[in-house]
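Chemist: sequence-free structure coming up:
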Ligand SMILES: C=C(OP(=O)(O)O)C(=O)O
Ligand SMILES: [Mg+2]
């Protein structure tokens, strides 16, 4: 899905790119966390005394729980109370009676304690992994308890942070809370992990500790131990063997950005006061906090499919209403743009399979096309939205994804009207819709341009194919050429694709006539600061220069020449 934490990782010019989840710059030698504890073999059986084996297993789990609590106390002693809470929660998991029963039952069937632990944890692991993004992030916690117990039972070295006399960059496949919570922030200058996302413990604890972190960096654990690296937790980059100049530039950029951002607050506007509401892209109520913290004036894209993921039936009417209301209530003075279910292609939903095997799912039954095949799913969602908004002051706007032409726009506006939704809109993410935006405009109240898909379709470059990253660039002049007619079609036109979160491109989009920008919450302050430093006229000139360019790279350079104050922001 399009978000700043998408796994759009790449390597270019010696710099590795992952997802920056905790800002700041750290430089130091790599220290990698010890390798994984091996899986005990499937046929590993005990000698026949099940009671004794049960006692061994119970003692190992209790020792792990006690060690986690001890680490929790040490974390609290260095002021990391979040860390203590996480470790205490893990200790509770290690003492879970259901888990102990599962281990005991397997031992009674003959399994040796390490194998019994491995299998019993596996059952919980599968449950957590299937329970949505937040719960799936807890799988790492569970695996860590399992590995600690197995290491204890097999007499292997305990997994965890290596010793180091000098400050270092901690590199791991993923970090468990037991590893991170007792770390001394003065010793660890950055975290880099191969896995993990914005809700992983690595991310949460790194932010709490104020340590820069990059996650989802492919190949991170192949960095040789001792290699000096520069980690930029804002940019999401890791540079092996950086020059002194590179380190100095990164530090200067961080300092410049921090002081500039501190000065820019309030609603989005250009330097000369042209208002550009700055909104957040969210996946559900859990993202509202970050949106508010970053000053979002509302929500410009509520990707509702997160509510529908990992389940065999749609969420109930009450469940939907509750998830929508919790978001709507958070913005009493603002607007919330909800996108109806965007199922199919990169967002497959188990209970809404494509009607036939599709060779090109991105060009198949997805978005509005899919919900037209299941009108009861669409009308249930619209009804839940109308109920959720009733009596609230917020302006609820509802838009359909993947709309191709005026007939589809009219269909969607009609079903919205039938459901009592007053402000229908459509996403402009198919080139046909952008080119003929003038035909769609009379049907709806607003547009929102999805530059992620619009770029994919304009350049015929599947957004899921990493090798095509060069063509999936919204700076492509052809994409900008398609934004222009949509923004000029006579209805308010926002952008909610990743392009809106690029400070330079945000200015260009405003110059093209875009009326609001919606992005992942951490991008808001920098975009707010970039707009506040440039006049509408400068944005327009940057837009014209970008459209006059021939390639994405030339468009970027041409635009920047008209946006002189980006440099003040270290961008
Ligand atoms: C915002 C968009 O939607 P998504 O990334 O969810 O497809 C887009 O396509 O730009
Ligand atoms: Mg899209």
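Modeler: Now that the structure is in, tell me what you want to look at. Just so it is clear, the model here is predicted, and its values are computed rather than measured. Ligands and ions are numbered 1, 2, ... in the order given.
Chemist: biggest strand in the protein, by residue count?
Modeler: Secondary structure of the chain per DSSP state E: the longest strand is strand 25-32.
Chemist: Now do that strand: which elements does it pack against?
Modeler: Here strand 25-32 touches strand 168-172, strand 188-193, strand 228-232, helix 244-263, going by 3 or more Cβ pairs under 8 Å, 6 or more residues apart in numbering; DSSP states H and E. Yep, even glycine has a C-beta here, placed from its N, CA and C like the rest.
Chemist: and the second one with strand 228-232, angle?
Modeler: For the pair strand 188-193 and strand 228-232, the angle between their directions (axes from the mean of the first three to the mean of the last three Cα atoms, to 10 degrees) equals 80 degrees.
Chemist: Could you do the last one as well?
Modeler: When the same axes, to 10 degrees is applied, the directions of helix 244-263 and strand 228-232 differ by 20 degrees.
Chemist: ok, the next helix or strand after helix 244-263 near ligand 1 or not?
Modeler: Downstream of helix 244-263, the first helix or strand assigned by DSSP states H and E is strand 278-282. No - contact of strand 278-282 with ligand 1 is not found when judged by Cβ under 6 Å from any ligand atom; the minimum separation is 7.0 Å.
Chemist: which parts of the next helix or strand along the chain from strand 278-282 are buried?
Modeler: Following strand 278-282 in sequence order, the next helix or strand is helix 288-293 (DSSP H and E). For helix 288-293, the neighbour count (16 or more other Cβ atoms under 10 Å) marks 288, 290-291 as buried.
Chemist: which among these gets closest to residue 256?
Modeler: Among the buried residues of helix 288-293, residue 290 lies closest to residue 256 (Cβ to Cβ), at 23.3 Å.
Chemist: so which of the buried residues of helix 288-293 also contact ligand 1?
Modeler: Counting by Cβ under 6 Å from any ligand atom, no member of these is near ligand 1.
Chemist: ok so, going back, how far does the longest strand of the chain sit from the chain's center?
Modeler: Relative to its parent chain, strand 25-32 has a centroid offset of 24 Å by Cα atoms, centre = their mean, to the nearest Å.
Chemist: Report all helices and strands that the next helix or strand after it contacts.
Modeler: Toward the C-terminus, strand 25-32 is succeeded by helix 50-77 as the next helix or strand (DSSP H and E). Here helix 50-77 touches helix 81-94, helix 97-108, helix 113-129, helix 139-154, helix 177-180, going by 3+ Cβ pairs under 8 Å, 6+ apart.
Chemist: deepest of these, which one?
Modeler: helix 177-180 (a mean of 26; mean count of other Cβ atoms under 10 Å).
Chemist: coming back round to it: make JSON lines out of the helices and strands packed on strand 25-32 and add distance to residue 421, mean pLDDT and mean neighbour count.
Modeler: What follows is those, written out as JSON lines (distance: least, Cβ to Cβ, whole Å; pLDDT from 0 to 100; neighbours: other Cβ atoms under 10 Å):
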{"stretch": "strand 168-172", "distance to residue 421": "47", "mean pLDDT": "93", "mean neighbour count": "26"}
{"stretch": "strand 188-193", "distance to residue 421": "42", "mean pLDDT": "92", "mean neighbour count": "26"}
{"stretch": "strand 228-232", "distance to residue 421": "43", "mean pLDDT": "96", "mean neighbour count": "24"}
{"stretch": "helix 244-263", "distance to residue 421": "36", "mean pLDDT": "85", "mean neighbour count": "14"}
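Chemist: TSV for those, including distance to ligand 2?
Modeler: Output for the helices and strands packed on strand 25-32, formatted as TSV (distance: least, Cβ to the ion, whole Å):
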stretch	distance to ligand 2
strand 168-172	33
strand 188-193	28
strand 228-232	28
helix 244-263	29
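Chemist: Serialize those to CSV and add fields for distance to ligand 1.
Modeler: Output for these, formatted as CSV (distance: least, Cβ to the nearest ligand atom, whole Å):
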stretch, distance to ligand 1
strand 168-172, 29
strand 188-193, 24
strand 228-232, 25
helix 244-263, 24
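Chemist: Just tell me which of these ends up closest to residue 367.
Modeler: strand 188-193 (32.9 Å).
Chemist: Could you spell out the sheet neighbours of the closest one, each with its direction?
Modeler: Applying DSSP bridges, strand 188-193 is found paired with strand 168-172 (parallel), strand 213-215 (parallel).
Chemist: Please look at residue 533 and residue 539 and confirm they touch.
Modeler: No - in this structure residue 533 lies outside contact range of residue 539 using Cβ atoms under 8 Å: 10.6 Å.
Chemist: Between these two, which is the more surrounded one?
Modeler: residue 539 (29 against 22; other Cβ atoms under 10 Å).
Chemist: what residues are up against the more buried one?
Modeler: Residues counted as contacts of residue 539 (Cβ atoms under 8 Å, 6 or more residues apart in numbering) are 270, 507-508, 510-511, 531, 563.
Chemist: neighbours of residue 554, just the number please.
Modeler: Residue 554: 15 neighbours (other Cβ under 10 Å).
Chemist: Okay, and it sits in which element?
Modeler: Element membership for residue 554, per DSSP H and E: helix 552-560.
Chemist: what bridges to the residue in the stretch 151-300 of the chain that ligand 2 sits nearest to?
Modeler: In the stretch 151-300 of the chain, the residue that lies nearest ligand 2 is residue 281 (11.0 Å; Cβ to the ion). Applying DSSP bridges to residue 281 gives these bridge partners: residue 301, residue 520.
Chemist: could you list every residue that touches it?
Modeler: By Cβ under 8 Å, 6+ apart, residue 281 lies in contact with 2-3, 299-301, 303, 496, 518-521.
Chemist: confidence score at the closest residue to residue 99 other than its chain neighbours?
Modeler: Nearest residue to residue 99, sequence neighbours excluded (Cβ to Cβ, 6 or more residues apart in numbering): residue 120, at 5.8 Å. pLDDT, residue 120: 94.
Chemist: Residue 114 too?
Modeler: On pLDDT, residue 114 comes in at 96.
Chemist: That one contacts residue 152, correct?
Modeler: No - using Cβ under 8 Å, residue 114 is not in contact with residue 152; the gap is 9.2 Å.
Chemist: Show me what counts as buried in the helix holding residue 554.
Modeler: 552, 555-556, 558-560.
Chemist: Show me the chain divided up by domain.
Modeler: Domain assignment for the chain by automatic domain parsing gives 10-35+160-251, 50-154, 267-535.
Chemist: will you turn those domains into CSV that also has distance to residue 571?
Modeler: Output for the domains of the chain, formatted as CSV (distance: least, Cβ to Cβ, whole Å):
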stretch, distance to residue 571
domain 10-35+160-251, 10
domain 50-154, 29
domain 267-535, 5
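Chemist: Among those, which one carries the weakest average confidence?
Modeler: domain 10-35+160-251 (a mean of 82).
Chemist: and the residue in the stretch 301-450 of the chain that ligand 2 sits nearest to, how many neighbours?
Modeler: Nearest to ligand 2, among the residues of the stretch 301-450 of the chain, is residue 450, at 3.8 Å (Cβ to the ion). Using other Cβ under 10 Å, residue 450 is surrounded by 28 other residues.
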